[in-house]
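A.B. asks: kindly return the folded structure for what I paste below:
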Amino acid sequence: MPPPKSTTTELLAAVTAGDRDALRTIYRTQSARLHGIALAILRDRPAASDALQETFVRIWQRARQFDPARADADAWLASTLRHTALDIARSRGREAADDAVVVDPEALDALGGSEAGTRLRDALRKLEAKPRAAVVLGFVHGLSYAELSNRLNEPASAARSFLRRGLAGLAEPAG
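C.D. replies: Sure, this is the predicted structure:
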């Protein structure tokens, strides 16, 4: 028996070759993280579970599209999940969204423990509430300016301003 494949990149290469065990290993090691991302986007456990299942179907079908020269394997998996969850949200008309603006930067813990993820979470914690909410809702949840305006209960111009301020705050050097 060959030694176990240890990296997600190696596992995706094996999935491309039709290795179902590699897909099972990816599921075992990544499903909790990916489910957390789906839950942060959809805010509904059954919908998040559906997104996770559909994501693994897409991974099986599209693993050959992964290019390790262009993206990190874990980021590619998260991106695949994010697109799947946003497709589900759009198809449901965002019916699961509530109007409360409760955005905790800990929702991004699902991004994993990478150095970049840690820096992003730390930077988000330093932002004021509405700019942080605008960044998370706009970039993690994929809300449009109109949806941001509605969720933040602010005029569209203010929602855009909060988003710009949040992004500017993220761009400031730590210190």
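
A.B. asks: could you pull up phi and psi at Gly18?
C.D. replies: phi 90, psi 20 (degrees, to the nearest 10).

A.B. asks: if we go by neighbour counts, what in the longest helix that the chain contains is buried?
C.D. replies: Longest helix in the chain, counting residues (DSSP state H): helix 20-42. By neighbour count on 16 or more other CB atoms under 10 Å, the buried set for helix 20-42 is 22-23, 25-27, 30-31, 33-42. To be clear about C-beta, it is placed using only N, CA and C from the backbone, and glycine gets the same treatment.

A.B. asks: where does the chain have its least confident helix or strand?
C.D. replies: Lowest on mean pLDDT, DSSP states H and E among the helices and strands of the chain sits helix 115-126, with a mean of 73.

A.B. asks: and after that helix, which helix or strand comes next?
C.D. replies: For helix 115-126, the following helix or strand on the C-terminal side (DSSP states H and E) is helix 129-135.

A.B. asks: so what secondary structure elements neighbour the helix or strand that that next one is followed by?
C.D. replies: Following helix 129-135 in sequence order, the next helix or strand is helix 145-152 (DSSP H and E). Packed against helix 145-152 by the contact rule (3 or more CB pairs under 8 Å, 6 or more residues apart in numbering; DSSP states H and E) you find helix 129-135, helix 156-171.

A.B. asks: ok now helix 145-152, how far from the chain's centre?
C.D. replies: In terms of CA atoms, centre = their mean, to the nearest Å, the centre of helix 145-152 is found 19 Å from the chain centre.

A.B. asks: that helix - what's its average pLDDT?
C.D. replies: Averaging pLDDT along helix 145-152 gives 84.

A.B. asks: where does the protein have low pLDDT?
C.D. replies: The model of the chain has pLDDT under 70 over residues 1-6, 93-118, 173-175.

A.B. asks: domains in it, by residue range?
C.D. replies: With domains defined by automatic domain parsing, the chain comprises 8-91, 105-171.

A.B. asks: need the distance between the two termini of the longest one.
C.D. replies: The reference is to domain 8-91. With CA to CA, to the nearest Å as the measure, the ends of domain 8-91 fall 30 Å from one another.
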